[in-house]
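In: Could you look at this predicted model? Sequence included:
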Amino acid sequence: MGRGGRQHEILKSPNETDGSIISPSSFNNIVGLKSRSGVIPISHNQDSVGAMARTVIDAAILLEVIQGVDPHDPATLDDNAVRHHNYRQFCRGINGFRGLSLGVVRNLNYTAIPQDQLRTFNKAINLIAKLGAKIKDPINFETADYFVSGTTELLILEIDFKRGTELYLKTLQNTNMKTLKDLIEFNNQNSDKEFSQ
């Protein structure tokens, strides 16, 4: 049970190429926790699966359970990685803002942000500052538009997709689909079913 007798809520999420954990967590004001093994790949640099939790402490409890080495994920194989048995010790509540340095990027081309959301965002920044964080506002990110344009992300996806899919298909046991060529041929042979509206 969590604080106040509330049961800890851990919600599973689908795979992630920046839209399945980050975005829903952000839109729903909850906490996303990312891992990677078992994903049907688009890009090994971006794909991940994971969980979403109502609070940071819920996510910390989950991390205590699932952390460790995954032989299928090279990112977890670092012998020097620091792994804590207790991640709840780092949940310091509002005291965690004291001495924290944060920069606020203002020159992003987010023209579609509603004004009420922008006002709420600014109120949050002010509150964080009152709680002891050091705020640098604004931080002008000179190449911001380039990174949020989507072209960089798409380039990575296109490079990673072919090899990642080939490697994934080779791990499957109960199918004769072993290469991208196999998939393409199957789709062409069954185009009436695969591409019907």
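Out: Cool, got the structure. Numbering: from 1, shown residues only.
In: Could you list the domains of this protein?
Out: Listed by the TED database, the domain ranges of the chain are 11-91, 93-148, 150-191.
In: for those, which one ends up most surrounded?
Out: domain 11-91 (a mean of 15; mean count of other C-beta atoms under 10 Å). In short, each C-beta sits where N, CA and C put it, glycine included.
In: Quick one: mean pLDDT over it.
Out: For domain 11-91, mean pLDDT rounds to 79.
In: and if you look at stretch 151-162?
Out: On average, the pLDDT along stretch 151-162 is 81.
In: Could I get the CA-only coordinates of it as CSV?
Out: In CSV, the C-alpha atoms belonging to stretch 151-162 read as follows (Å, rounded to 0.1, in the frame of the first residue of the first chain):
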residue,chain,number,x,y,z
THR,A,151,14.0,15.3,-39.6
THR,A,152,16.8,14.1,-37.3
GLU,A,153,14.6,11.6,-35.6
LEU,A,154,13.3,10.3,-39.0
LEU,A,155,16.8,9.9,-40.3
ILE,A,156,17.7,7.7,-37.3
LEU,A,157,14.6,5.7,-37.7
GLU,A,158,15.3,5.0,-41.4
ILE,A,159,18.9,4.0,-40.6
ASP,A,160,18.0,1.7,-37.7
PHE,A,161,14.8,0.1,-38.9
LYS,A,162,16.2,-2.3,-41.6
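In: which residues in this protein form strands?
Out: 10-16, 31-35, 48-53, 101-105, 134-139 (DSSP state E).
In: wait, which of the ones you listed is closest to P114?
Out: When the strands of the chain are compared by C-beta to C-beta, strand 101-105 sits nearest P114, at 18.0 Å.
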